Every structure is written in structure tokens, then in C-alpha cells.
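Undergrad: Got a predicted structure here, sequence first:
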Amino acid sequence: MARVTVIGAGSWGTALAMVLADNEHDVYLWTHRENQAEEINTEHKNEAYLKGVTLPETLNAGTSCQDAMDGAAYVLLAIPTKALRDVLSQLIPFMKQPMYFVHAIKGIEPSTFLRPSEIIKHLVPEALRLDVSVLSGPSHAEEVSLRKPTTVAVASSNANTSNQVQDLFMNTHFRVYTNPDLIGVEMGGALKNIIALGAGISDGLGYGDNAKAALMTRGLAEMTRLGSEMGGNPLTFAGLTGIGDLIATCTSQHSRNWRAGYLLGTGHSQEETLQQMNMVVEGVRTTKAVHQIAKEKKIAMPITEAIFDVWFNGKMAKTAVDELMNRTRTSEMDSMDELFGERPF
Ligand SMILES: NC(=O)C1=CN([C@@H]2O[C@H](COP(=O)(O)OP(=O)(O)OC[C@H]3O[C@@H](n4cnc5c(N)ncnc54)[C@H](O)[C@@H]3O)[C@@H](O)[C@H]2O)C=CC1
Ligand SMILES: O=C(CO)COP(=O)(O)O
């Protein structure tokens, strides 16, 4: 059994810590809030994030960076992209031995366009990290914490690392696939949040299943187009961490990205929407980053552009949809050729 430190006791860090504790690993759940650590250790609950869920008694939480890093073989990062630099900077002085870094973060940093694995590699000295991998896929914390069947993928450029991380997490209700495409898996997890904001806006406007299916399908084309331009394998976007997570996020009321979009679509302002969300909505900052990347790389991402205009430029959501519907007519197969190369028929 391994000593694993989970960084971040929000909904996802707590749910993943439960999986690891169920697998009988020695788990330390690090949080920056003393009262939350106390609640987890004494009441075996984390009510603000996973309401009504009883945590394993073996799950040990705390706020000490030293305890978190001492003897850890694996560090699992489950915090918002925005907090990653700050939290790593706090932890690095306490890292004494080389460790495996696994992250479960779905975002891109707007100021640098870096993926979380790149931020980790930039900040953690090479001598302290054995490898960096990502765990991603259709996995709402609310369901994982109830031990409902869930499948995810772990990606690393090193197959041995992926196999080890697969072993660490895999159990009867949490199935882990390996994937060699670190870039594609990270990009899929970040990009699907933009489309989920759009799906929420569409539902908020009262549009139906047709509109949402169109958004998801054409959204997947945008995800694949940008993700492969950034170095991902286009086929990864047809897997769990691409279309799989897109389906889970766009169709679930657990999704914070969907919900934020829904509030916007029902007429709430950006400020009102964010005030009502007490958990991270990664898609907002990712929309900003991706809008800029697409502009610089001259990649067509009309849905992302529309969501950017609604969120950041105050465009009416209905106007944005009207404009998308009235774009120049085009051929679906031309866009398939562009994504996947020459068609096999
Ligand atoms: N909730 C879910 O179902 C899933 C979430 N994710 C991803 O996991 C990441 C974390 O998301 P959630 O756990 O859902 O967020 P959350 O909003 O539930 O929790 C975030 C946690 O990070 C902590 N935090 C925030 N800023 C901090 C800072 N500067 N220093 C220390 N701690 C800080 C908060 O106190 C909180 O405990 C995101 O990138 C999200 O996209 C991925 C898969 C599923
Ligand atoms: O990534 C997730 C499910 O796979 C969670 O999505 P939200 O951040 O929108 O809740």
C-alpha cells in the first residue's frame, strides 16, 4: 500500500481520497482550512462539498505542509487551476524525496496557456519528481463519493507511470484506463467545460435537446481541432476524456459549468451567477485562455467565441445562438477531413 497525499479537500479531492482510502492506501488529505480538517477527522464528513456523505474513518486530513509531504510516494493535486502555482509554492520547501505527481485538474492557465502538468513541471524541481500524470474522464465527485460506477483514464508519457497510477486507483466501482496521450487528455478535460457552459446557456434559454446535441457535436469538433493543434491525438477526443466527459458535463445537473451557463441563460448577470456558485467553475477562465489561443493560432472555434462574447462582452445569449445558426453554410464532411485526415470511404 502506498502513502498518498491528496492536495485539496473540495468535492473532487475528497471523492478521490475516498477511492484511495477504500483501496487501503495511507491517505493524507491536505486542506488550507483547519475547521474542514477537523470536520473530516472527527465527524468523517465534508458537508460543504459532499453533503450527506460519510467518509472512511481511515481518511486523515490536516493543514500541515510538512505532514503532507513527509514520506509521500504520490501527490494527487485536486485544486482549481487558479490555485495550482500558489499551493505548489507552499509545498515545495517541504518536499524531501522524489515523488509521483498526479493531477486531476481541468483547466488551462489564461496568462501562460500552460496545462496543469506543464505548470507542475515548471515549478517542481526535476530531482523531486519521478513523473507527472493526469487523471481525467466523466466523473462527478457526487457520484464517485456514493461509489456509483465510474470510468476514467490516466495519461502519462511513460507507460510504467500510467500502469502504477491505474493500480493505485482501480477498484470495483472506479475503473481506470491508461492512455499515452497526456496532452490530449488534459486538453479534453479543460475544453469540455467551455461547451458545458454553452449547454447550460442553451438549456437556460429554453432550447431543447436538438440544440444541445448540436452544441455537443460541433463543440467536440472544436475541442478536437484545438486539442490536436496543441499536440494531442485527435482520437483521444473520441474517448472517455473527450466525448465521454463532454456528455457527463453537458447533461448533468451536478456540473458546475453547466449550472453557471444555465444561470446566465436564464438572465442572471455574470456577477450574480458567480456569486451563486460556491465551487470552482473552471470553464470561465478556460474560455478566456482558449479564445486567445484560437485567435493567435487562427483556429476556427465559433462556439467558444460565442460563449466568450456572452460571458465577457455582455452579448445577449439569444443573439449569439442566432449568429451561430446563421453562419456561412458548410459541409460536415469537410470538417471531418480536417480533423481526422482523408475519410476511409
Ligand atoms: N468536482 C468534480 O466532480 C470534478 C472536479 N474536477 C476538477 O478538479 C479541480 C478541483 O475541483 P473541485 O474539487 O470540484 O473544486 P471545489 O471548488 O469543490 O474545491 C476546490 C478546493 O480547492 C481549495 N482551494 C482553492 N484555492 C486554494 C488555495 N489558493 N490554496 C489552497 N486551497 C485552495 C478550496 O478550499 C477547495 O477545498 C478542478 O480543476 C475541477 O475541474 C475534475 C473532475 C471532477
Ligand atoms: O469534470 C467534471 C465531471 O467529469 C465536473 O464538471 P464540473 O466542474 O462542471 O462540475
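TA: Received, thanks. Ligands and ions are numbered 1, 2, ... in the order given.

Undergrad: gap between stretch 245-261 and the chain center?
TA: 12 Å (CA atoms, centre = their mean, to the nearest Å).

Undergrad: Same question for stretch 145-165.
TA: 14 Å.

Undergrad: Tell me if it is near ligand 2.
TA: No. Residues of stretch 145-165 are not located near ligand 2 by CB under 6 Å from any ligand atom, the shortest gap being 8.3 Å. Quick note: C-beta positions are derived from backbone N, CA and C, even for glycine.

Undergrad: quick one: low-confidence ranges for the stretch 151-300 of the chain?
TA: By pLDDT under 70, the stretch 151-300 of the chain has no low-scoring segment.

Undergrad: List the contacts of the residue in it that ligand 1 sits nearest to.
TA: Scanning the stretch 151-300 of the chain for proximity to ligand 1 using CB to the nearest ligand atom identifies Met279 as nearest, at 3.4 Å. By CB atoms under 8 Å, 6 or more residues apart in numbering, the contact set of Met279 is 10-11, 49, 256.

Undergrad: Show me which residues of the stretch 1-150 of the chain sit near ligand 2.
TA: Residues of the stretch 1-150 of the chain lying near ligand 2 (CB under 6 Å from any ligand atom): 106, 138-140.

Undergrad: Also near ligand 1: which of those, exactly?
TA: 106, 139-140.

Undergrad: Just want the most central residue of this structure.
TA: Residue closest to the average C-alpha location in the chain (CA atoms, centre = their mean): Lys106, at 2.4 Å.

Undergrad: need the contact list for it.
TA: 81, 136, 189-190, 192-193, 282, 286.

Undergrad: ok, back up a step: helix, strand or coil for the residue of the stretch 151-300 of the chain closest to ligand 1?
TA: coil (DSSP: H, G, I helix; E, B strand; the rest coil).

Undergrad: Would you check how far apart the nearest residue to Ala199 once chain neighbours are set aside and Ser145 are?
TA: Among residues not flanking Ala199 along the chain, Cys250 sits closest, at 3.8 Å (CB to CB, 6 or more residues apart in numbering). Using CB to CB, to the nearest Å, Cys250 is found at 21 Å from Ser145.

Undergrad: okay, the nearest residue in space to Glu282 that is not next to it in sequence: pLDDT?
TA: In this structure, Glu282 finds its nearest non-sequential neighbour in Gly107, 4.3 Å apart by CB to CB, 6+ apart. Model confidence at Gly107, given as pLDDT, is 98.

Undergrad: Ok, Phe345 next?
TA: 49.

Undergrad: start at 304 instead
TA: Got it, first residue is 304 now, which makes that one Phe648.

Undergrad: Which stretches in this protein count as strands?
TA: For the chain, the strands defined by DSSP state E occupy 306-310, 329-333, 363-365, 377-380, 402-406, 432-439, 453-458, 477-482.

Undergrad: Distance from the chain centre to the last one, please.
TA: Averaging C-alpha positions (CA atoms, centre = their mean) puts strand 477-482 16 Å from its chain's average.

Undergrad: Please identify the pairing partners of it and their relative orientation?
TA: strand 453-458 (parallel) (DSSP bridges).

Undergrad: on that earlier part again, looking at the strands of the chain, spot the one closest to Gly570.
TA: Judged by CB to CB, the one of those that comes nearest to Gly570 is strand 432-439, at 32.7 Å.

Undergrad: for the record, mean pLDDT for that closest one?
TA: 98.

Undergrad: What is that strand packed up against?
TA: Applying 3 or more CB pairs under 8 Å, 6 or more residues apart in numbering; DSSP states H and E, we find strand 432-439 packed against strand 402-406, helix 419-426, strand 453-458, helix 462-472, helix 485-507.

Undergrad: Please tell me how far that strand is from the chain's geometric centre.
TA: With CA atoms, centre = their mean, you get 14 Å for strand 432-439.
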